[in-house]
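*Asks:* Next input, structure requested:
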Amino acid sequence: MPFLENLWNVLKYNEADPILFNSAFFLYFFAAFLLCYQLVRKHERGRVWVFTVFSLYFFYKACNEYVGLVILSAIVDFYLSNRIHREQREGVRKGLLWFSVLINIGMLVYFKYTNFFIGILNDLGAGRITPMHILLPIGISFYTFENLSYTIDVYRREIKPVDKFMDYLFFLSFFPKLMMGPIVRAADFIPQIRQPYVLNREDVGKGMFLILGGLFKKVVISDFVYQNFVQYIFDDPSRHTGIECLLGVYAYALVIYCDFSGYSDMAIGIARWMGFTIPPNFDKPYKSSSITEFWRRWHISLSSWLRDYVYIPLGGNRKGKLRQYINLLLTMLIGGFWHGASWNFILWGGIHGGALAVDKVWRQRMAKFAPVNKRLWKIGGILFTFHLVCFCWIFFHAASFADAWALIRQVAYDFQGNLLPEVLTAYPQVFILMGIGYLLHFLPAATEQKLEFRLARLPLWGSVAVMTVFIWFLAQVKTTVPMIPIYFQF
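*Replies:* You can find the predicted model right below:
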């Protein structure tokens, strides 16, 4: 029957149209999920099963058969973590831990870095190996790190493993954060499974603020600015003047923030509506007055993960100043490599690691001096940190070192600042949205809290009306071609 055939085509995986929070299909998916979730809201096991089934289907719609990797990962780490917890012999416990680490890292390396290492071997002349056709499973970097932190925490006896496999599969596959994070710790999430589902006005207001704000940042600002300006600059920097390239870098800094933080906000907001509190992943990072502060505000779940499971195990700051600087550099190199199999990402991480080490030295030296004007000193720190981060974004986004250096060369040797008025008038909508984006970024936290409070005070019909009007608004202004989230590739 044509109806059933059309329905099947909609429900099955479509490589050209993966499910996203900002896709039309997600509205139907979320509506069906809400209906089923409300039917079992008073039953803990029912909530677990409904959420897990919908999460696995969500992941299937995003990456087809690779949903099996999430299930396999859950089986392996559920079993190993329980074995580690029951085992008393330290040697066996450590062996099981390393087995878990090898399986998780091995799976990540195979899918994400195999062709990168093949390319290195071929470049060194050590072989003529044909690159393999390997598709990167969406979200593998995120749920691999969640698996690792869970097993390591069990090994450290900081948490007890769950008794029910479905609880662990629920935690790992939780669809709001499955594909792009935040990287959630089991210690923060799993205890919430046992709590009764209670949705108060604060949850409604906070969740709505995060979802609407995230959609605005992702769909209205990030997608439009990227497709109408940033991609033109980065596709071929040598064709543009230095002032255009510099503005393109400022635009990309806003794009990647709005793209990733917008998606994270939506994930946290949806989770809040479902009775789960996920820690924030961004805290207005471009307000940072030092690179150290930036990494406390940017991708907080990743930076804290790297601190707890890489930097501190390497020795942290416990083995002298030189070792601390080396540990910072190594940690950020790993963080850069986590983002992708590219020398650009490694260099990006290396620059940040070096900058963190220099910042430690600088802060120790400057601790002896009191700045004459603290406010002016902080503004200077914010401007310097922002431009350092923007410089690093060039290597993060450029397709190659050659493209990155071409953009830097244009800024340094062909700036042509007198063309600024012409550039601004050529892309009026882009720069208006950039202005709005940066203005919202620097708004005081108190302003956001007032808006959350007002949303929380709305009656049910008012909340539905606000959501409906906002979705209609997005449909009018969104780009014709949806932009895949930047962190999808990681």
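*Asks:* who touches stretch 342-359?
*Replies:* For stretch 342-359, contacts defined as CB atoms under 8 Å, 6 or more residues apart in numbering pick out 116, 290-292, 295, 324-325, 328-337, 339, 388, 391-392, 395-396, 398, 400-401, 404. C-betas here are computed from N, CA, C, even on glycine.
*Asks:* what about the stretch 51-200 of the chain, any weak spots by pLDDT?
*Replies:* Applying pLDDT under 70 to the stretch 51-200 of the chain flags the ranges 126-127.
*Asks:* in it, which spans are helices?
*Replies:* Using DSSP state H, counting those that start in this stretch, the helices of the stretch 51-200 of the chain run over residues 67-86, 90-123, 140-155, 165-173, 175-178, 186-193.
*Asks:* For the longest one, buried residues please.
*Replies:* Of the residues in helix 90-123, those scored as buried under the neighbour-count criterion (16 or more other CB atoms under 10 Å) are 93, 96-97, 100-101, 103-104, 107-108, 111-113, 115-116, 118.
*Asks:* ok, back up a step: mind putting the helices of the stretch 51-200 of the chain in TSV, distance to residue 471 included?
*Replies:* Shown next, in TSV, are the helices of the stretch 51-200 of the chain (distance: least, CB to CB, whole Å):
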stretch	distance to residue 471
helix 67-86	28
helix 90-123	35
helix 140-155	27
helix 165-173	26
helix 175-178	18
helix 186-193	28
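*Asks:* Residue 252: which of those helices is closest?
*Replies:* Among the helices of the stretch 51-200 of the chain, helix 140-155 comes nearest to residue 252, with 21.1 Å by CB to CB.
*Asks:* now for the closest one, which elements pack on it?
*Replies:* Contacts defined by 3 or more CB pairs under 8 Å, 6 or more residues apart in numbering; DSSP states H and E place helix 140-155 against helix 67-86, helix 90-123, helix 165-173, helix 175-178, helix 186-193, helix 300-306, helix 321-339.
*Asks:* Compare these and give me the one nearest residue 249.
*Replies:* Taking CB to CB, helix 321-339 is the member of these nearest to residue 249, at 18.0 Å.
*Asks:* quick one, the closest one and helix 140-155 angle?
*Replies:* 130 degrees (axes from the mean of the first three to the mean of the last three CA atoms, to 10 degrees).
*Asks:* from the chain's centre, how far out does the following helix or strand past helix 321-339 sit?
*Replies:* Sequence order places helix 343-366 as the next helix or strand after helix 321-339, per DSSP states H and E. In terms of CA atoms, centre = their mean, to the nearest Å, the centre of helix 343-366 is found 21 Å from the chain centre.
*Asks:* for stretch 309-325, same thing?
*Replies:* Distance of stretch 309-325 from the chain centroid (CA atoms, centre = their mean) equals 25 Å.
*Asks:* Restricting to C-alpha, output that stretch in PDB.
*Replies:* Taking C-alpha atoms only, stretch 309-325 is exported to PDB below (Å, rounded to 0.1, in the frame of the first residue of the first chain):
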ATOM      1  CA  TYR A 309      41.300  11.300  33.300                       C
ATOM      2  CA  VAL A 310      44.400  12.500  31.500                       C
ATOM      3  CA  TYR A 311      46.000  15.600  33.200                       C
ATOM      4  CA  ILE A 312      45.800  14.400  36.800                       C
ATOM      5  CA  PRO A 313      46.800  10.800  36.100                       C
ATOM      6  CA  LEU A 314      49.800  12.200  34.200                       C
ATOM      7  CA  GLY A 315      50.900  13.900  37.400                       C
ATOM      8  CA  GLY A 316      49.000  17.200  37.100                       C
ATOM      9  CA  ASN A 317      50.900  19.900  39.000                       C
ATOM     10  CA  ARG A 318      52.300  17.500  41.700                       C
ATOM     11  CA  LYS A 319      55.600  16.800  40.100                       C
ATOM     12  CA  GLY A 320      57.200  20.200  39.600                       C
ATOM     13  CA  LYS A 321      56.600  23.100  37.300                       C
ATOM     14  CA  LEU A 322      58.300  21.700  34.200                       C
ATOM     15  CA  ARG A 323      56.300  18.500  34.400                       C
ATOM     16  CA  GLN A 324      53.100  20.400  34.900                       C
ATOM     17  CA  TYR A 325      53.700  22.400  31.700                       C
END
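*Asks:* what comes up buried for that stretch?
*Replies:* Buried-residue list, stretch 309-325, by 16+ other CB under 10 Å: 309, 310, 311, 314, 316, 324, 325.
*Asks:* now do stretch 463-478
*Replies:* 463, 474, 478.
*Asks:* OK, contacts around the second one?
*Replies:* Neighbour list for residue 474: 22, 215, 216, 219, 220 [criterion: CB under 8 Å, 6+ apart].
*Asks:* Redo those as JSON lines? Include pLDDT and neighbour count.
*Replies:* Formatted as JSON lines, these follow (pLDDT from 0 to 100; neighbours: other CB atoms under 10 Å):
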{"residue": "22", "pLDDT": "71", "neighbour count": "19"}
{"residue": "215", "pLDDT": "90", "neighbour count": "22"}
{"residue": "216", "pLDDT": "91", "neighbour count": "21"}
{"residue": "219", "pLDDT": "89", "neighbour count": "24"}
{"residue": "220", "pLDDT": "90", "neighbour count": "20"}
